[in-house]
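K.L.:
here is the input, now give the coordinates:
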Amino acid sequence: MTQGEIERYHRSMKNRILLENYYLPGELELNIGEFVTYYNNCRYHESLDNLTPAESRFRNSYASCRAA
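P.N.:
Model prediction:
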């Protein structure tokens with residue numbers, strides 16, 4: 001990963017996480033986990049030829065959200 005990719009990932013996470021208020025650490029952890037799952041398995045990345053990172057890495061559709 002390049003520095004730019006890491007910074008983009010953190011900016012995306014921050015923007016999503018800041019939309020809600022969390023009253024317990026567990027709520028924040030759950031939301032971060034959901035974001036990571038979405039980002040890696042459902043969000044298409046133009047730099048990966050419109051594949052998800054999971055599809056790009058494993059070249060399988062089992063981790064895809066296309067059917068959802």
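K.L.:
what sits up against stretch 20-31?
P.N.:
Under the contact criterion CB atoms under 8 Å, 6 or more residues apart in numbering, stretch 20-31 has outside partners 16, 17. Placement of C-beta: from N, CA and C, glycine included.
K.L.:
what's the longest helix in the protein?
P.N.:
The helix that spans the most residues within the chain, counting by DSSP state H, is helix 25-41.
K.L.:
following element in sequence after it, please.
P.N.:
Using DSSP states H and E, the next helix or strand after helix 25-41 towards the C-terminus is helix 53-58.
K.L.:
and that next one, what's buried?
P.N.:
Counting neighbours by 16 or more other CB atoms under 10 Å, one finds that the buried residues in helix 53-58 are 53, 54, 55.
K.L.:
now do it: which elements does it pack against?
P.N.:
For helix 53-58, the elements it packs on are helix 25-41, judged by 3 or more CB pairs under 8 Å, 6 or more residues apart in numbering; DSSP states H and E.
K.L.:
pLDDT below threshold where in the protein?
P.N.:
In the predicted model, the chain carries pLDDT under 70 at residues 60-68.
K.L.:
tell me which residue is most central in it.
P.N.:
Ranked by distance to the mean C-alpha position of the chain (CA atoms, centre = their mean), the top residue is residue 39 at 1.5 Å.
K.L.:
distance of that one relative to residue 23?
P.N.:
24 Å (CB to CB, to the nearest Å).
K.L.:
do residue 45 as well
P.N.:
Here residue 45 is placed at a distance of 33 Å from residue 23 (CB to CB).
K.L.:
show me which of those two is the more surrounded one.
P.N.:
Residue environment comparison for residue 45 versus residue 23 gives the larger neighbour count to residue 45, 16 against 7, counting by other CB atoms under 10 Å.
K.L.:
any idea how far the more buried one lies from residue 54?
P.N.:
Plainly put, residue 45 is 11 Å away from residue 54 if you go by CB to CB.
K.L.:
got it, and residue 9?
P.N.:
The spacing between residue 9 and residue 54, counted by CB to CB, is 14 Å.
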